[in-house]
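Colleague: Just need the structure, nothing else, for what follows:
(one chain, ligands or ions: 3)
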Amino acid sequence: MSIDPAITAELAQRPRLRIPAHLGVIMDGNGRWAKARGKRRTEGHIEGVKSLRNLVELCINYGVGHLTVFSFSSENWTRPREEVAFIFNLLRRFVASDLQKLIRNNVRVRIIGTREGLEPSLVRLIDDVEAKTSGNTGLVLVVAFNYGGKAEIAEATRRLAREVAAGRLSPEAITEQTIESALYTAGMPDPDLIIRTSGEQRISNFLLWQAAYSEFVFVDENWPDFDEQSFLRVLEIFSMRDRRFGGIEVARP
Ligand code: IPE
Ligand code: IPE
Ligand code: MG
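Modeller: Ligands and ions are numbered 1, 2, ... in the order given. Sure, this is the predicted structure:
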């Protein structure tokens with residue numbers, strides 16, 4: 001899968017296409033992609049990484065500011081142990097193979113999710129990737145790994161409760177901003193658009209708080225089949241949406 005210069009050129013002719021400042025993606029359907037081809041689920045995950053690589057490039061080319069991808073949920077621990085171990089190894093391999101290119105492309109990597117339950121060597125690797133790319137100023141690639149929206153809100157609540165117990169925060173002073181600043185995504189814009197592949201139409205515990213006003217686009221293709229055409233089709237749908245944020249005015253730039 002690669003980026004087609006003809007499509008990129010065509011896009012430049014479409015001034016009305018809106019590019020989300022923050023794009024969220026629930027990369028679903030790796031297992032079904034593999035099953036449909038008589039392959040093992042793990043092969044679907046390998047293809048899924050290729051699709052992710054392609055999406056990162058697309059986001060850089062089209063000027064997306066933040067890209068958050070859901071790669072392993074807190075609930076995915078219920079899968080067979082071998083599949084979980086395979087997905088964890090894929091993360092390690094992705095870092096090993098792609099870190100230098102991400103640095104060259106000025107990508108800043110952030111990993112969100114709980115570090116509890118992760119092997120110390122994986123935590124070190126995650127810290128290292130974040131540190132090595134922290135000075136980059138281009139695309140922010142946020143990988144939701146061992147992430148659950150409810151767990152994130154519970155963790156934020158515990159953090160604020162400790163502040164209150166220590167007398168450093170008054171309960172009356174807790175606002176939406178206080179909660180936001182205690183989430184993993186503190187300082188990031190909320191996602192404007194969330195894409196889910198594979199035909200499923202649910203949030204599955206992804207960015208629960210942050211998705212309050214996100215636009216959702218569900219596409220039928222499985223994640224390994226999501227390519228530049230799919231990306232552009234979704235952007236066209238997004239560009240036609242009226243985002244009202246509870247108001248009555250049509251917010252169009
Ligand atoms: C998404 O694909 C990747 C992860 C959840 C890790 P799935 O593995 O969920 O694929 P399906 O939904 O079973 O086809
Ligand atoms: C959501 O997909 C999680 C990721 C893509 C990492 P799942 O495949 O785990 O979601 P459900 O179980 O179908 O809701
Ligand atoms: Mg799935």
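Colleague: where do the helices sit along the stretch 101-250 of the chain?
Modeller: 120-133, 149-165, 176-181, 228-240 (DSSP state H, counting those that start in this stretch).
Colleague: Relative to A212, which of the ones you listed is closest?
Modeller: helix 176-181 (9.6 Å; Cβ to Cβ). In short, each C-beta sits where N, CA and C put it, glycine included.
Colleague: Packing partners of that closest one?
Modeller: helix 149-165 (3 or more Cβ pairs under 8 Å, 6 or more residues apart in numbering; DSSP states H and E).
Colleague: before we move on, the earlier item: make TSV from the helices of the stretch 101-250 of the chain and add mean pLDDT, distance to ligand 1 and mean neighbour count to it.
Modeller: Listed next are the helices of the stretch 101-250 of the chain as TSV, based on pLDDT from 0 to 100; distance: least, Cβ to the nearest ligand atom, whole Å; neighbours: other Cβ atoms under 10 Å:
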stretch	mean pLDDT	distance to ligand 1	mean neighbour count
helix 120-133	97	16	15
helix 149-165	98	15	15
helix 176-181	98	26	13
helix 228-240	97	16	17
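Colleague: In terms of helices and strands, where is L58?
Modeller: Per DSSP states H and E: L58 is located in helix 41-62.
Colleague: E43: which of the helices of the stretch 101-250 of the chain is closest?
Modeller: Closest approach to E43 among those (Cβ to Cβ): helix 228-240, 20.3 Å.
Colleague: pull the CA atoms of the closest one into PDB?
Modeller: What follows is helix 228-240, C-alpha atoms only, in PDB (Å, rounded to 0.1, in the frame of the first residue of the first chain):
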ATOM      1  CA  GLU A 228      -5.700   6.700   0.700                       C
ATOM      2  CA  GLN A 229      -9.000   6.300  -1.200                       C
ATOM      3  CA  SER A 230     -10.800   5.400   2.100                       C
ATOM      4  CA  PHE A 231      -9.100   8.300   3.900                       C
ATOM      5  CA  LEU A 232     -10.200  10.800   1.200                       C
ATOM      6  CA  ARG A 233     -13.700   9.400   1.200                       C
ATOM      7  CA  VAL A 234     -13.900   9.900   5.000                       C
ATOM      8  CA  LEU A 235     -12.500  13.400   4.700                       C
ATOM      9  CA  GLU A 236     -15.200  14.300   2.200                       C
ATOM     10  CA  ILE A 237     -17.900  13.000   4.500                       C
ATOM     11  CA  PHE A 238     -16.400  14.900   7.400                       C
ATOM     12  CA  SER A 239     -16.200  18.100   5.300                       C
ATOM     13  CA  MET A 240     -20.000  18.000   4.700                       C
END
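Colleague: Show me what that helix packs onto, helices and strands only.
Modeller: Here helix 228-240 touches helix 5-12, helix 41-62, strand 193-196, strand 215-218, going by 3+ Cβ pairs under 8 Å, 6+ apart.
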